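In: One predicted model, sequence on top.
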Amino acid sequence: MKHDYHISGMTCEGCAATVKNELESVSGVTNVEVRLKDNAATVTMNQHIETDILQNALSKKYQLSEKSSNNVFSSATLTEPEKSKLQQLTPLFLILVYITAASILLNYKEWNLGEAMFDFMGLFYIVFSFFKMLDLKGFPESFKMYDPLAKIIPAYGWVYPFIETALGIMFLMRIELDIALITTIIVLGITTIGVTKTLLDKKSIQCACLGTALKLPMTQATFIENAIMLVMAFWMLFK
């Protein structure tokens with residue numbers, strides 16, 4: 001028999017994996033499917049299991065409640081249609097547009113492409129690190145789903161938002177630019193390798209580029225976003 005449950009408290013794919021493992025540990029549960037995008041889980045069991053038992057198996061962070069399925073028609077009506085990838089990525093595109101516009105406006109009086117690029121990179125890091133800071137607990141779990149270094153060294157996921165903040169300040173204040181550029185190439189190069197592998201494997205996971213506050217899917221847009229920063233870093237370093 002299958003039962004559908006609502007799970008609150010999940011913020012990343014790491015949370016979803018934890019919920020799945022904890023529910024599968026309950027005696028009588030044969031399979032668990034967890035869906036982060038709609039905060040739900042489908043539990044297959046060989047006998048009826050009380051909701052309280054399932055809840056007790058979960059960490060205190062997560063709350064489980066059984067979905068009501070008495071009225072098929074009403075539940076179908078209330079279900080929101082799934083957003084397309086383009087709609088889900090709209091916040092990312094808007095942020096990039098605003099960062100680009102701000103970089104141009106800061107330099108339009110005495111136009112200098114190099115200075116505008118440094119401003120773009122600085123604003124990019126500051127804005128993206130801000131979103132990661134909103135959920136410092138959840139970000140490392142999402143980040144290690146695709147970043148090779150974060151998988152090996154979990155602590156790297158915890159310090160990554162601070163690295164971005166430091167790089168943002170260095171670019172905006174024009175401090176040790178060569179070091180900032182080399183660090184950008186190393187840090188984003190590692191992440192891009194992980195993003196590329198995820199896309200080639202066609203895995204459906206959440207992108208942590210804007211932390212866990214905004215649920216963005218991992219798509220080619222993530223690769224392009226990293227590639228733009230890498231091209232800028234190489235160009236400014238070797239021009």
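Out: It's in.

In: Where does the prediction get shaky in the protein?
Out: Residues of the chain that meet the criterion pLDDT under 70 lie in 68-86, 88, 204-206, 211-218.

In: can you map out the strands along it?
Out: Secondary structure of the chain by DSSP state E: the strands cover 2-8, 29-35, 40-45, 63-66, 206-207, 216-217.

In: Dump the second one to CSV, keeping only the CA atoms.
Out: Only the C-alpha atoms of strand 29-35 are listed here, as CSV (Å, rounded to 0.1, in the frame of the first residue of the first chain):
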residue,chain,number,x,y,z
VAL,A,29,8.4,0.5,4.8
THR,A,30,9.5,-1.0,1.5
ASN,A,31,10.1,2.1,-0.6
VAL,A,32,10.2,5.9,-0.2
GLU,A,33,10.0,8.5,-2.9
VAL,A,34,10.8,12.1,-1.7
ARG,A,35,10.0,15.1,-3.9
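
In: per the record, what domains does the chain have?
Out: Segmentation of the chain into domains, based on automatic domain parsing, reads 2-78, 85-238.

In: Please identify the most buried of those domains.
Out: Among the domains of the chain, domain 85-238 has the highest mean neighbour count (mean count of other C-beta atoms under 10 Å), at a mean of 17. C-beta coordinates here come from the backbone N, C-alpha and C atoms, glycine included.

In: center of the chain, which residue is that?
Out: Centrality entry for the chain: nearest residue to the mean C-alpha point is residue 208, 1.9 Å, by C-alpha atoms, centre = their mean.

In: wait, it sits on residue 142?
Out: Yes. Using C-beta atoms under 8 Å, residue 208 makes contact with residue 142 at a distance of 3.9 Å.

In: and stretch 43-56, how far from the chain's centre?
Out: 30 Å (C-alpha atoms, centre = their mean, to the nearest Å).

In: what's the distance between residue 150 and residue 19?
Out: Taking C-beta to C-beta, to the nearest Å as the criterion, residue 150 is separated from residue 19 by 21 Å.
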